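Participant: starting from these lines, generate the structure:
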Amino acid sequence: MAKYSKIAVLYGSDSSEWEVACRSGEFTASRIDEFQYDVYEIFARFGKWQLVAMRKANAMRIPFPEEARPEIDKTDFSVRVLGEKVTFDFVYIMQHGAPGETGLLQGYFEMLGIPFSSCSAFVTTVAFDKYACKSYLRDVDYVKLAPDAFVRKGDDVEAFSARAVERLGLPLFVKPTGGGSSFGISKVAAAEDLPSAIRYAFSEGATVIVEQGISGEHELTCAVYEDGGETKALPVIEIISENDWFDYDAKYNGHSREVCPAEIPEALSGRIQDISCRIYRHLGCKGLVRMDYITTAEDVYFLEVNIIPGMTNASLVPKMVRAAGMTITGFLSRIIENA
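Facilitator: Residues are numbered from 1 along each chain as shown. Have a look, this model is predicted:
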């Protein structure tokens, strides 16, 4: 018998990634076991939380017209549908960006005592911030980190840029410390372009990380989850971009090839899976998490953690799940029941 019965799938977000999050949330809701769970889809953006659709176990999905969507009561995370108050046993968080990947949403559910699919509020906050996450990993001996520099909005960008180029060289990658889907990210090949790239990154947040560009052989990604108290890694994917790097266009407009399982030496694949599990445990992760890497001939360089990985039919994790011989529905049940 399932541990939970009423599942809320919360999607949308307050960030630039909200449309991607909607696609992920809709896909996730559609694949949750229709025989075991009641599923309620909630769209949340800038404080407006509404019930988009519901599907009782063994029944059809019922969508609500946009002008008549029931409002979520945030005092206890409930909703009134057809005169009945509905509360939820479990929340599957599918928000990319704020607040679902910043820890704010997790903190809200922790205070209400409602189980959810992702890492704790604290771990989410640390892992989502690229600079903070790297700081937690600086002393480990099983993965490398690209040298970097940190700048905050209001600092002297021109002076910082000169120091960064002198210390890190070129090319450089400029990234908002929070955010995903490559929003606000630039590759800089000329020193004079760095200040404008930093200001562009500030459009996504108040802090920016500038990293030394690593010339790698493979760009790899691996997802990790918990099952019965055991940390497990899914098959590794290699990302081969047609563009200069794996930017938004390559990710979402078909300008990349994703090979799953990655056609790399078995030893390297096993090493990536082992590193991913160790990072998962080191950070104290829960639920489903994906890690990204660049490899050189000698080393593996950690790029970032994805606390809420994309979950559309074309996303990386579903490809890993299928390559592992599992169905998406069965895999989602594992995530829910092991929370």
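
Participant: and residue 92, what helix or strand is that in?
Facilitator: Assigned by DSSP states H and E, residue 92 belongs to strand 90-94.

Participant: so which elements touch the helix or strand harbouring residue 281?
Facilitator: Per DSSP H and E, residue 281 falls inside helix 266-283. In terms of contacts (3 or more C-beta pairs under 8 Å, 6 or more residues apart in numbering; DSSP states H and E), helix 266-283 is packed against helix 121-128, helix 130-137, strand 218-227, strand 230-233, strand 289-295, strand 300-306. C-betas here are computed from N, CA, C, even on glycine.

Participant: now with 10 Å?
Facilitator: helix 121-128, helix 130-137, strand 218-227, strand 230-233, strand 237-241, strand 289-295, strand 300-306 (3 or more C-beta pairs under 10 Å, 6 or more residues apart in numbering; DSSP states H and E).

Participant: nearest to residue 328, out of these?
Facilitator: strand 218-227 (12.8 Å; C-beta to C-beta).

Participant: can you list the buried residues in the closest one?
Facilitator: Neighbour counts over strand 218-227 (16 or more other C-beta atoms under 10 Å) mark 218-226 as buried.

Participant: for stretch 112-129, same thing?
Facilitator: Per 16+ other C-beta under 10 Å, stretch 112-129 contains these buried residues: 112, 114, 116-121, 123-129.

Participant: just curious, which of the buried residues of strand 218-227 is nearest to residue 313?
Facilitator: For these, the nearest to residue 313 is residue 223 (15.9 Å; C-beta to C-beta).

Participant: mind checking pLDDT for the closest one?
Facilitator: The per-residue pLDDT reported for residue 223 equals 98.

Participant: please shift the residue numbers so they start at 139 in all later answers.
Facilitator: Renumbered: residue one is now 139, and that last one reads residue 361.

Participant: now do the contacts for it.
Facilitator: Residues in contact with residue 361, defined by C-beta atoms under 10 Å, 6 or more residues apart in numbering, are 370-375, 411, 414, 418, 426-429, 444, 447, 454-459, 462.

Participant: next secondary structure after the strand holding residue 230?
Facilitator: helix 242-250.

Participant: centre of the chain to that following helix, how far?
Facilitator: 18 Å (C-alpha atoms, centre = their mean, to the nearest Å).

Participant: show residues contacting that helix.
Facilitator: Taking C-beta under 10 Å, 6+ apart as the rule, helix 242-250 contacts 146, 148, 151-152, 182, 212-216, 225-226, 228-229, 231, 233, 236-238, 241, 252-263, 424, 445-446.

Participant: quick one, it and strand 228-232 angle?
Facilitator: 170 degrees (axes from the mean of the first three to the mean of the last three C-alpha atoms, to 10 degrees).

Participant: how about helix 242-250 as PDB, C-alpha atoms only?
Facilitator: This file holds the C-alpha atoms of helix 242-250, laid out as PDB (Å, rounded to 0.1, in the frame of the first residue of the first chain):
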ATOM      1  CA  LEU A 242      12.100  29.100   0.400                       C
ATOM      2  CA  LEU A 243       9.500  26.600  -0.700                       C
ATOM      3  CA  GLN A 244      11.100  23.800   1.200                       C
ATOM      4  CA  GLY A 245      11.200  25.900   4.400                       C
ATOM      5  CA  TYR A 246       7.500  26.600   4.000                       C
ATOM      6  CA  PHE A 247       6.600  22.900   3.800                       C
ATOM      7  CA  GLU A 248       9.000  22.000   6.600                       C
ATOM      8  CA  MET A 249       7.100  24.500   8.900                       C
ATOM      9  CA  LEU A 250       3.800  22.900   7.800                       C
END
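
Participant: hmm, back to that, in the strand holding residue 230, what's buried?
Facilitator: Those would be 228-232, for strand 228-232 by 16+ other C-beta under 10 Å.

Participant: could you give the average pLDDT over it?
Facilitator: On average, strand 228-232 scores 98.

Participant: what's it packed up against?
Facilitator: Using 3+ C-beta pairs under 10 Å, 6+ apart, strand 228-232 sits against strand 144-149, helix 156-169, strand 176-183, helix 242-250, helix 466-475.

Participant: how about the spatially closest residue to residue 375 that is not a sequence neighbour, what does it touch?
Facilitator: Nearest residue to residue 375 in three dimensions, chain neighbours excluded: residue 398, at 4.4 Å (C-beta to C-beta, 6 or more residues apart in numbering). Shown in contact with residue 398 (C-beta under 10 Å, 6+ apart): 359, 372-377, 454, 456-462.

Participant: what's the most distant pair in the residues you listed?
Facilitator: Every pair of these checked by C-beta to C-beta; the farthest is 377 and 462, at 18.0 Å.

Participant: one step back: buried residues in the helix holding residue 419?
Facilitator: Here helix 404-421 shows 406-407, 409-411, 413-418, 421 as buried, counting by 16+ other C-beta under 10 Å.
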